[in-house]
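In: Structure, please.
(2 chains)
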2 protein chains.
Amino acid sequence: MALTEDTPIRVGLLGAGTVGSQTARLLVEQKDELAQRIGRPIELSGVACLDPDEVDFPWIDKSLLTSDTMSVVRGADIVVELIGGTGVARTFVLAALEQGSSVVTANKALLAKYGAELYKAAADHDADIYFEAAVGGAIPIVRPLRESLVGDQVESMLGIVNGTTNYILDEMTTKGLDFDVVLREAQAKGYAEADPTGDIEGHDAANKAAIMATLAYHTNVTIDDVTVEGITHIEAADIAAATAEGKVIKLLAVVDRNDSGVSARVYPALIRQEHPLASVHESFNAIFLKAKYADDLMFYGRGAGGAPTASAVVGDIVTVARHIAAHTTGPQISTYNDLPIAPLSSEKASFAVRFMIHDKPGVLYKVAKVFADHGVSINGINQDLERSKTDPGYDGELQQLRLTTHETDEETLRATLADVFELDCVAGGPSILRVID
Amino acid sequence: MALTEDTPIRVGLLGAGTVGSQTARLLVEQKDELAQRIGRPIELSGVACLDPDEVDFPWIDKSLLTSDTMSVVRGADIVVELIGGTGVARTFVLAALEQGSSVVTANKALLAKYGAELYKAAADHDADIYFEAAVGGAIPIVRPLRESLVGDQVESMLGIVNGTTNYILDEMTTKGLDFDVVLREAQAKGYAEADPTGDIEGHDAANKAAIMATLAYHTNVTIDDVTVEGITHIEAADIAAATAEGKVIKLLAVVDRNDSGVSARVYPALIRQEHPLASVHESFNAIFLKAKYADDLMFYGRGAGGAPTASAVVGDIVTVARHIAAHTTGPQISTYNDLPIAPLSSEKASFAVRFMIHDKPGVLYKVAKVFADHGVSINGINQDLERSKTDPGYDGELQQLRLTTHETDEETLRATLADVFELDCVAGGPSILRVID
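Out: The predicted structure follows:
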């Protein structure tokens, strides 16, 4: 492509950590190739970091480093926000948009909390805000939702969008180990952080679920709208029960729509081994999507890591730079639908329930009667002595009862189980997992 | 989004077959929603078809139908070419671009043959040419290559891009049936056409390979540059041998780059059952991509069918309409790299070879010596009497020999096998399959 203009488009980086340094590297090392792809050169105009003396990468000119973040914002046509969090990041992103600069960010927490405000600021000031890296890392999912599927209707999305928890569940499945053991291993190997709360409690996935729901349904969904259940309660016995039934457990971000509105949820669920998401191993991410016309789609790849995330960030930088070169912007993030958030009670699902029973005559009858009284119908039941013997809680008398319900809502199921646990033949707390068809 | 302008953008459809009628339906039924997403209304301005009296869909206004294709081209801001083939389709697409209208097409054969000419015409007349549906149907792969991965370097792509052959190979694998039997079944069920040549000989996949290579490496690759091998020679015994080794056979479009240039090939290959492509069943398509920074990515979905293809076409129509509303165009298809096509001899691969031997002392030694003389090293060997007994060609004396080579090139391998087949202890023709790591 012939260059349309020689003046470089200035890119200001906020943050010089793992992703920031890799982003700088891609921009500098591929400078000529990117100029060809954009039609105009781009240049790194500044890199904001906490301590310029501590940052040392051969591809970052020392003179570009500064701790004065606002000066980098002011001197950039494209501001790349890689600070993270919902504090100063918001200030700098807003400042960038308000001066008419475009923004590229990987900050899922910021978008899940303040997305509506930022999308409006971008539209008001004719600027772009792009964030492919915020969901699924290197996996193109934001752009397909904004553009490829824009002529279709998204029906639902199931996302494995947190690599740490997928790694933990995958290790538990392949090695038969308990959650705590695998978590410690994952921390030792650097797959899980010293404080893993954000990952294992599902909060990281919840931020992504909010963004996915906003894009899929053209409506504003924030982190506060997402119900979240993590994986800390998953036991080796749950994994064993899943394996016995030809299923795997995955932590899913689930985005859906029913007559009551939109829902975005994070929970561990059972899926069939034949489902495309079941073969997403290790720390890989994948998003499985059903659309009215396109039918099933799946997007798979690296959900995190310096280079993969930088690849997505630089893809966005090039897209935004092309818009600047053409004196235009991309499509706005539209939230014109303004849909309500569906209450938990409006959602039907099939559940797998596992608990211990005293093996006496009439137990099954009593349990089944409580389910029947609540109108919850049972799809399958399995009383498994062999397996319960290997359960740490087995006292020589208890047996494990596993059952799967037909579709019901979570409130009704919990009320049913409360009554089941009034029975003297039932012991311990239940394990409850949703089953994905 | 507030509408920026009331004048509708006129969409002219060329072709009212399966995809054309579904495209019209999506445009008409989602009219208001699409106007919101574009910021300007769009309207179906004409539908060209061979015989207007034969076309009858409730959502297509009869007055829009005409057999005068050029009149539809002239009256449209966006021309949607769904005629197919490389004849008149080229004429109409060129006419559209030359009058400054943008083009959306699903025509892989046209792009694989005349892509360079059409991309240039689009650039010369400030028009868009979009073709998401031409590769992988509903799967967003063209847009990720044009935009998401534009800041990265694509290293290689492996695509299951033909649903008919994937269905046939999947049926052969799960049911243990022979090619001919499954093909007849597939034809009876409508999964394969009455004349299945284009699918089973790999020509359809080859068109897609040419397009994938052009986009991945920013260079011009045409259908004439693609070497093609179909699946008609795959026998039940090949599938059985693959299964025994924990592998599956898939027809792949393989796009790659080495020091000698770019290569685009179509061939059936063995892949490990753990590879994400191995679990692509039935008529689904998937493209597996390795990029320098993003690492592994996979895109999965429906590669054909009226509604899925229409979903991709309408996604492109909306994108192009947004550009028209913003008085701009998307990025051009750039072929600035102008890379040579790598000769077959420059490509190394591991091969799985299967042939029959007379089970006499010294056979293995003789075969191994020929391989050693040609410098082809053997990675694994398997002489399997049980299996050969079930082979239709088993005469009570012949045994099946399966071996896998280390990396070599196809020419050397074929020269080696020619000499192997000079030995009197070897019988029949060999089955040769590439092995994907």
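
In: Which positions in the stretch 251-400 of chain A make contact with chain B?
Out: Contact residues (C-beta under 8 Å from any C-beta of the partner chain) of the stretch 251-400 of chain A with chain B: A:274, A:276, A:279, A:284, A:286, A:291-302, A:305, A:307-308, A:310-319, A:322-323, A:326-329, A:331-332, A:334, A:336. For the C-beta atoms, the positions are set from N, CA and C on the backbone; glycine is no exception.

In: Pull out the buried members of these.
Out: The neighbour-count test (16 or more other C-beta atoms under 10 Å in any protein chain shown) marks A:276, A:279, A:284, A:286, A:291, A:293-295, A:297-302, A:305, A:307-308, A:310-319, A:322-323, A:326, A:328-329, A:331-332, A:334 as buried among those.

In: Assign A:Val181 to helix, strand or coil.
Out: Judged by DSSP: H, G, I helix; E, B strand; the rest coil, the three-state class of A:Val181 is helix.

In: sorry, back to before: can you list which of the residues of the stretch 251-400 of chain A next to chain B are found in strands?
Out: Using DSSP state E, the subset of those located in strands is A:284, A:286, A:291, A:295-302.

In: give me the number of residues near A:Ala192?
Out: Using other C-beta atoms under 10 Å in any protein chain shown, A:Ala192 is surrounded by 22 other residues.

In: which residues touch it?
Out: A:Ala192 sits next to A:164, A:167-168, A:183, A:186, A:199-200 when contact means C-beta atoms under 8 Å, 6 or more residues apart in numbering or on different chains.

In: Go through those and say which is closest to chain B.
Out: Of all these, chain B sits closest to A:Tyr167, with 15.3 Å by C-beta to the nearest C-beta.

In: list the helices and strands the strand or helix carrying the closest one packs on?
Out: For A:Tyr167, the enclosing helix or strand under DSSP states H and E is helix A:163-175. If you count contacts as 3 or more C-beta pairs under 8 Å, 6 or more residues apart in numbering or on different chains; DSSP states H and E, helix A:163-175 packs onto helix A:179-189, helix A:197-200, helix A:236-244, strand A:247-258, strand A:284-291.

In: Just list the residues touching the residue of the stretch 151-300 of chain A found nearest chain B, thanks.
Out: Nearest to chain B, among the residues of the stretch 151-300 of chain A, is A:Gly151, at 2.8 Å (C-beta to the nearest C-beta). Counting by C-beta under 8 Å, 6+ apart, A:Gly151 touches A:293, B:26-27, B:30, B:34, B:311, B:313-318.

In: Equivalent analysis for A:Val266, please.
Out: A:Val266 sits next to A:202, A:205-206, A:209, A:226-230, A:251-254 when contact means C-beta under 8 Å, 6+ apart.

In: Compare those and tell me which has the most neighbours.
Out: Going by other C-beta under 10 Å, A:Ala205 tops these with 33 neighbours.

In: quick one: secondary structure of that one?
Out: Quick answer, by three-state DSSP: A:Ala205 is helix.

In: Does it touch A:Gly159 like I think?
Out: Yes. Between A:Ala205 and A:Gly159 there is a contact under C-beta atoms under 8 Å: 7.5 Å.

In: in the helix holding A:Tyr167, what counts as buried?
Out: A:163-173.

In: For the stretch 1-150 of chain A, what lies in contact range of chain B?
Out: Residues of the stretch 1-150 of chain A lying near chain B (C-beta under 8 Å from any C-beta): A:1, A:22, A:26-27, A:30, A:34, A:36-37, A:132, A:138-140, A:143-144, A:147-150.

In: just checking, which of these belong to helices?
Out: Counting by DSSP state H, the residues of the stretch 1-150 of chain A next to chain B place A:22, A:26-27, A:34, A:36-37, A:143-144 in helices.

In: Now tabulate these in CSV and tack on pLDDT, neighbour count and distance to B:Val353.
Out: Formatted as CSV, these follow (pLDDT from 0 to 100; neighbours: other C-beta atoms under 10 Å in any protein chain shown; distance: C-beta to C-beta, whole Å):
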residue, pLDDT, neighbour count, distance to B:Val353
A:Gln22, 96, 23, 42
A:Leu26, 96, 24, 42
A:Leu27, 97, 24, 47
A:Leu34, 94, 22, 44
A:Gln36, 89, 17, 43
A:Arg37, 88, 22, 42
A:Arg143, 94, 23, 43
A:Pro144, 95, 27, 41
